[in-house]
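> quick check, what structure comes out for this input:
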Amino acid sequence: MTNVRTENDSGRVVTGKNRILKALTSTGGVVFMLLIVQFLTGVALAFYYVPSIDHAHTTVSFIEKVLSSGSWIRSLHHHGSQWLPLFVFLHLIRLLSLEAYRYRKTQWVGAVVLLALVMAAGATGYSLAWDARAFFSTRVAEGLLAGLPFVGRIARLWLLGGDDISTLTLSRFFALHVFVTPFLILGVIGWRLIRQSSQNVHWSHLSPNAISAAIAFVALSLWSLKFPAPLGPSISAVTADYLPRPGAQFLWLYQSLKYVPGGLGSIVGVVIPGLVVLILLVVPWLDRGFVTRFSTQPQRLIASLLLAVVAAWVLTMTMTSYLSDRRDPRIRQQLARQEADERTFRSTPFQPAGLQLSDVPQTQGIAPPPYLRLCANCHGEQGQGGSQGKLRFPPLAGVASKPRRTVEDIINLLNDPTAYGLEPPMRSFATKLTEEEKREIAKWVVKLK
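Predicted coordinates:
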C-alpha cells in the first residue's frame with residue numbers, strides 16, 4: 001500500500017507541473033506585465049519628481065500639464081498600482097486551487113511575499129504627489145506605526161525622520177518606494193525565475209501568458225486614458241471642508257479604522273495583516289504535527305479560510321465606504337465639488353513656482369511661506385481654522401485682541417506653546433523656524449481680523 005501511494009503521489013507531482021504551468025498563464029502573465037509597467041513608468045516619473053514638500057506637488061503638476069504624455073504615464077502608474085495587488089491576490093487563489101503550496105512551494109511563497117511588497121509599494125507611493133490626499137494618508141501611516149506595541153514610537157520617528165512631517169518624511173517615502181521595494185520585488189522575481197529555470201519550461205506555455213498580458217495592457221491603457229490619476233489641491237490650498245479619500249486598494253483600511261478605537265487602529269491596520277501574511281508564508285509546512293489532527297488537508301483548509309476572510313473583509317469594507325459616501329448628500333456633493341475642482345485645475349496652465357509668496361505685499365492678505373509650510377495644515381491657508389479627523393483647530397482671526405498675544409508673545413508661543421497654556425497637537429517650532437520666519441508669521445497673525 002505504501003509503494004502504491006508513493007507512485008500515485010509522484011504521478012500527481014508530474015501532472016501537477018503541467019497543470020500549474022498552464023493555469024498560471026491567466027494571472028502570472030498579467031502580474032508580470034503590471035510589474036514591468038510600474039517599473040518603466042516609475043523610472044519615467046522619477047526623472048522629473050523632486051521629493052520635497054516645497055516642490056513635490058509642483059513637479060507632479062508639471063508632469064501632468066507640460067510633459068508630453070505625462071498625464072497618461074502617471075495614470076498608468078497610478079491605476080497599475082491598484083490593479084497589481086488585485087491580480088497578485090487572484091494569482092494566489094489560482095495557486096491555491098492547484099495546491100502549489102505542496103508541489104510548488106517557491107511559487108506560493110513568492111506570491112505571498114509579492115503581495116505584501118506591492119501593498120507596501122502602494123502605501124509609500126501614495127504620499128509622493130503631496131496633495132491633500134497624500135498628506136492625510138501620511139498622517140494615517142504615522143498614526144498606525146505610532147500605535148504599535150513596544151516599537152511604535154521608534155517606528156514613527158524613523159518614518160517621519162523627526163518629530164513631525166517634513167521633507168525628510170517625503171524623502172523616506174521616496175526612497176522606500178523607488179529603491180527598497182523595487183529591489184525586493186526584483187529579488188523575489190529573480191528567485192522564482194532561477195528556481196523555475198531547472199524545470200524545463202517549454203516556450204509553448206508562455207504563449208497564453210503573453211496573450212493575457214497583452215489584453216490586460218490594452219485595457220489598462222484605455223482605462224488610464226479615460227480616467228486620469230487624481231491630483232488634489234496642494235497642502236497650502238486645502239480648506240477645512242476637504243474630504244480626503246485614499247486609493248481604491250486602501251479604502252478597506254480607511255473604512256475599517258472607523259469601527260475601532262484609536263488605540264486598536266494599529267492592530268487592525270498593521271498587526272492583523274502581518275499575521276495573515278506570516279501564516280500564508282508557512283502554509284506549505286503546516287501538514288505535520290498536531291495540525292493534522294484537525295483536518296486531513298490542513299494546508300488547504302487554513303489557506304482557503306484566510307484568503308476567503310481577507311477577500312470578504314476587503315470587499316465588504318470597500319463597498320461600505322463607497323455606499324456611505326453616496327448615501328450622504330453632503331459628502332456626495334463635497335466629493336463632486338472636489339472632482340470638479342480637479343478638472344478645473346487640469347485645464348489651467350502650469351504655474352511654475354518662481355514667484356514666492358514673500359514677494360507679495362502682506363497687505364493683500366497672503367500668508368507668508370513659513371506659515372503655509374508648517375501652520376496652514378492645521379489652521380487653514382488664511383487662518384480660518386481647520387480639522388483633521390476628530391481634531392478641530394481654532395481660527396487665528398482676532399488673536400491680537402487676546403491677552404498675551406502681541407508679536408513678541410506669538411514668537412515666544414511658537415517656541416514654547418505650553419508656557420501659554422496650549423497643549424498637543426500644538427508643538428514647539430523653536431528648531432523648525434528661524435527667528436526671522438517666526439517674526440514674519442507673528443506679524444501676519446496679529447493683522448488677521
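
> so where's the stretch 51-200 of the chain uncertain?
197-200 (pLDDT under 70).

> how about 50 then?
Applying pLDDT under 50 to the stretch 51-200 of the chain flags no residue at all.

> just the helices from it, written as ranges.
Using DSSP state H, counting those that start in this stretch, the helices of the stretch 51-200 of the chain run over residues 56-65, 70-97, 100-103, 105-125, 132-146, 152-160, 167-175, 181-196.

> using JSON lines, lay out those together with distance to Tyr254.
Where you see a C-beta, it was placed from the backbone N, CA and C, and this is true even at glycine. Shown next, in JSON lines, are the helices of the stretch 51-200 of the chain (distance: least, Cβ to Cβ, whole Å):
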{"stretch": "helix 56-65", "distance to Tyr254": "22"}
{"stretch": "helix 70-97", "distance to Tyr254": "14"}
{"stretch": "helix 100-103", "distance to Tyr254": "31"}
{"stretch": "helix 105-125", "distance to Tyr254": "12"}
{"stretch": "helix 132-146", "distance to Tyr254": "8"}
{"stretch": "helix 152-160", "distance to Tyr254": "19"}
{"stretch": "helix 167-175", "distance to Tyr254": "18"}
{"stretch": "helix 181-196", "distance to Tyr254": "21"}
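
> JSON lines please, covering those and showing mean neighbour count.
Below are the helices of the stretch 51-200 of the chain laid out as JSON lines (neighbours: other Cβ atoms under 10 Å):
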{"stretch": "helix 56-65", "mean neighbour count": "21"}
{"stretch": "helix 70-97", "mean neighbour count": "21"}
{"stretch": "helix 100-103", "mean neighbour count": "22"}
{"stretch": "helix 105-125", "mean neighbour count": "21"}
{"stretch": "helix 132-146", "mean neighbour count": "21"}
{"stretch": "helix 152-160", "mean neighbour count": "16"}
{"stretch": "helix 167-175", "mean neighbour count": "19"}
{"stretch": "helix 181-196", "mean neighbour count": "15"}
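
> and Ala46, which of the ones you listed is closest to it?
helix 167-175 (8.6 Å; Cβ to Cβ).

> who touches the closest one?
49, 51-54, 56, 124-125, 127-128, 130, 138, 158-162 (Cβ atoms under 8 Å, 6 or more residues apart in numbering).

> apply 10 Å and report the result again.
46, 49-56, 123-128, 130, 134, 137-138, 141-142, 158-162, 166, 180-181, 373 (Cβ atoms under 10 Å, 6 or more residues apart in numbering).

> again, but for stretch 47-56
Contacts of stretch 47-56 (Cβ under 10 Å, 6+ apart): 42, 57-60, 62-63, 66-67, 70, 127-131, 134-135, 165-175, 177-178, 234-236, 353, 369, 372-374.

> quick one: average confidence on stretch 398-418?
For stretch 398-418, mean pLDDT rounds to 82.

> tell me the buried residues in it?
For stretch 398-418, the neighbour count (16 or more other Cβ atoms under 10 Å) marks Val399, Ala400, Arg405, Val407, Asp409, Ile410, Ile411, Asn412, Leu413, Leu414, Pro417 as buried.

> farthest-apart pair in those residues, please.
Longest span within the buried residues of stretch 398-418, Cβ to Cβ: Ala400 and Pro417, 17.4 Å.

> which residues does the nearest residue to Leu281 once chain neighbours are set aside contact?
In space, and not counting its chain neighbours, Leu281 is closest to Val112: 5.2 Å by Cβ to Cβ, 6 or more residues apart in numbering. By Cβ under 10 Å, 6+ apart, the contact set of Val112 is 88, 92, 95, 101, 188, 276-284, 303.

> do Gly274 as well
Ala116.

> my guess is Tyr101 contacts Leu280. True?
Yes - using Cβ atoms under 10 Å, Tyr101 is in contact with Leu280, at 8.8 Å.

> Pro244: which element?
Under the criterion DSSP states H and E, no helix or strand holds Pro244.

> which residue is the nearest non-sequential neighbour of it?
Once flanking residues are discounted, Pro244 sits nearest to Phe136: 4.0 Å by Cβ to Cβ, 6+ apart.
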